[in-house]
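# here are the coordinates; sequence isn't available:
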């Protein structure tokens, strides 16, 4: 799939499989028509590209149904917020804010949750609203030393459509994926605790439409 098609998919919300819960609030509508102004496209840095590759490749290989790496795309939205989603079929999205603010372990926990949704066949919706963001794409089967394949797209990642049950399933299966790569469930627990500290009890961004984070952490701690 070419970058242009990825950008089109995210704008028109034609993809499936983003990270949310059944208790999701309705997606926010823009208060005014989107501006036509676009930010200046920024290439992904070599560090961003190789970091995502390094963290995601083991998770993809640990899936019950591993995907060929040359079919896995990671879109990076030029958005300062903390957010992530999967679009099904090996397409994933993260924001620049997540990459800049999360440690490797925090990012790994979040990515494990998203890969778990894909592996379990969960289907939801992901779309981008507003304007002024750019999308860079990383292919996991190769190292990209700073991607120049960036296309301006409408921004602000909105995700919705998973049930509460599916969110807890993705947390649990994310732990399984982490354990298959030699990590522990504490990676997922600590990632959730970090997200809670970043967003506050009322949520926002990645947590806006998820079950209560404290409940998710408690459920993971009870896993044997």
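Okay, I see it. Everything numeric in this text was worked out from a predicted model, so none of it was measured. Numbers count the residues shown, from 1 in each chain.

# any low-confidence regions in this structure?
1-43, 124-134, 143-161, 200-211 (pLDDT under 70).

# Now with 80, please.
Under the criterion pLDDT under 80, the flagged ranges of the chain are 1-46, 123-138, 141-163, 199-214, 224.

# Show me which strand runs longest in it.
strand 133-139 (DSSP state E).

# ok, it: who's next to it in the sheet?
Strand pairing for strand 133-139, determined by DSSP bridges: strand 73-77 (antiparallel), strand 150-153 (antiparallel).

# could you pull out the strands for this structure?
15-16, 73-77, 84-88, 91-95, 125-128, 133-139, 150-153, 157-160.

# what comes up buried for stretch 59-69?
59, 60, 62, 63, 67, 69 (16 or more other Cβ atoms under 10 Å). For every residue, glycine as well, the C-beta is placed using N, CA and C.

# can you tell me which two in those are farthest apart?
The largest separation in the buried residues of stretch 59-69, counting by Cβ to Cβ, is between 62 and 69 at 12.8 Å.

# For residue 214, state which of the buried residues of stretch 59-69 is nearest.
Using Cβ to Cβ, the buried residues of stretch 59-69 come closest to residue 214 at residue 59, 25.1 Å.

# Now intersect the buried residues of stretch 59-69 with the helices, please.
Among these, the members found in helices (DSSP state H) are 59, 60.

# want to throw the buried residues of stretch 59-69 into CSV with distance to residue 86?
Putting the buried residues of stretch 59-69 into CSV (distance: Cβ to Cβ, whole Å) gives the following:
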residue, distance to residue 86
59, 11
60, 11
62, 15
63, 12
67, 11
69, 16
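
# List just the nearest of the buried residues of stretch 59-69 to residue 108.
residue 59 (7.8 Å).

# correct me, but residue 135 touches residue 75?
Yes: look at residue 135 against residue 75 with Cβ atoms under 8 Å: they come within range, at 5.2 Å.

# Share the number of residues neighbouring residue 192, please.
By the measure other Cβ atoms under 10 Å, the count of residues near residue 192 is 23.
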